[in-house]
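A.B. asks: heads up, no residue letters with this:
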């Protein structure tokens, strides 16, 4: 059987990764979280003192791209130069800066090439913000996931609290609004509904409901 590429795009905290993981597990496909890849690059920049509240040395970061290996472990966890950094990249510190890194065209070019390389290894489910529109415009099937701002704030806040972060709902709200603005208005690969994408709402009915809707559509393509 030829490789299948399923893309799931949407704004921050709409539940893209949860849906992508569930679909990948159901069909035995590989899950690739493109957002985690940008978070890993952001973490690298912060760890190497190239990015903070006062500066972003994007030129130096670009020059170091050949030395940066971002991949996924067998447990579906993000790795940076061979080290698992799944917990580190989910912090508010990284969340507050990831959209700044992600809007840089040279960095996006690096990531898109990496994502296409990973996607060429077999059937994949990849989630992000430009996967169906830019990375894999000819994907087998595309989804775009929506959720209200309130639902997204509550979901993200609960995730952070569960990980032990001391963060307020207001901080999460500010972060999500800022990321939405940057992601939707950047010149290179802005967040849009990809052509021919199936729009799903993840507001009230939960993961199982949208998983059922998504797999019903996927099954049509597999039969």
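C.D. replies: The structure has been received and is ready for your questions. Worth saying up front: this structure is predicted, and the values here are computed from it rather than measured.

A.B. asks: can you pull out the strands in the protein?
C.D. replies: 5-10, 30-33, 70-72, 78-80, 83-84, 124-128, 141-146, 198-201 (DSSP state E).

A.B. asks: show me what the fourth one is packed up against.
C.D. replies: Okay, so that is strand 78-80. Strand 78-80 sits against helix 34-47, strand 70-72, with contacts defined as 3 or more Cβ pairs under 8 Å, 6 or more residues apart in numbering; DSSP states H and E. The way it works is simple: take the backbone N, C-alpha and C, and place the C-beta from them, glycine included.

A.B. asks: quick one: the longest one to strand 124-128, angle?
C.D. replies: For the pair helix 34-47 and strand 124-128, the angle between their directions (axes from the mean of the first three to the mean of the last three Cα atoms, to 10 degrees) equals 60 degrees.

A.B. asks: closest to residue 222 out of the strands of the chain?
C.D. replies: Across those, residue 222 has its closest neighbour in strand 141-146 (9.5 Å, Cβ to Cβ).

A.B. asks: helices or strands next to the closest one in the packing?
C.D. replies: Against strand 141-146 (3+ Cβ pairs under 8 Å, 6+ apart) you get strand 5-10, helix 16-27, strand 198-201, helix 207-222.

A.B. asks: please identify the deepest-packed of those.
C.D. replies: Burial of those is given as mean neighbour count (mean count of other Cβ atoms under 10 Å); strand 5-10 ranks first at a mean of 27.

A.B. asks: which other residues reach that strand?
C.D. replies: 16, 19-20, 23, 29, 119, 123-133, 135-136, 139-147, 191, 193-194, 197, 218 (Cβ atoms under 8 Å, 6 or more residues apart in numbering).

A.B. asks: hang on, the earlier thing: quick one: closest of the strands of the chain to residue 54.
C.D. replies: Relative to residue 54, the nearest member of the strands of the chain by Cβ to Cβ is strand 78-80, separated by 23.5 Å.

A.B. asks: partners of the closest one in the sheet?
C.D. replies: Strand 78-80 has its sheet partners listed here by DSSP bridges as strand 70-72 (antiparallel), strand 83-84 (antiparallel).

A.B. asks: quick one: distance of the first one to the chain centre.
C.D. replies: To tie it back to what came earlier, the one meant is strand 70-72. 13 Å (Cα atoms, centre = their mean, to the nearest Å).

A.B. asks: also stretch 108-121?
C.D. replies: Relative to its chain's centre, stretch 108-121 lies at 13 Å (Cα atoms, centre = their mean).

A.B. asks: how about it, which residues are buried there?
C.D. replies: 108, 110-112, 114-115, 118-119 (16 or more other Cβ atoms under 10 Å).

A.B. asks: take the residues you listed and keep only those in helices.
C.D. replies: Among the buried residues of stretch 108-121, the ones falling in helices (DSSP state H) are 108, 110-112, 114-115, 118-119.

A.B. asks: pull out the buried residues from the contacts of strand 5-10.
C.D. replies: Applying 16+ other Cβ under 10 Å to these flags 16, 19-20, 23, 29, 119, 123-133, 135-136, 139-147, 191, 194, 197, 218 as buried.
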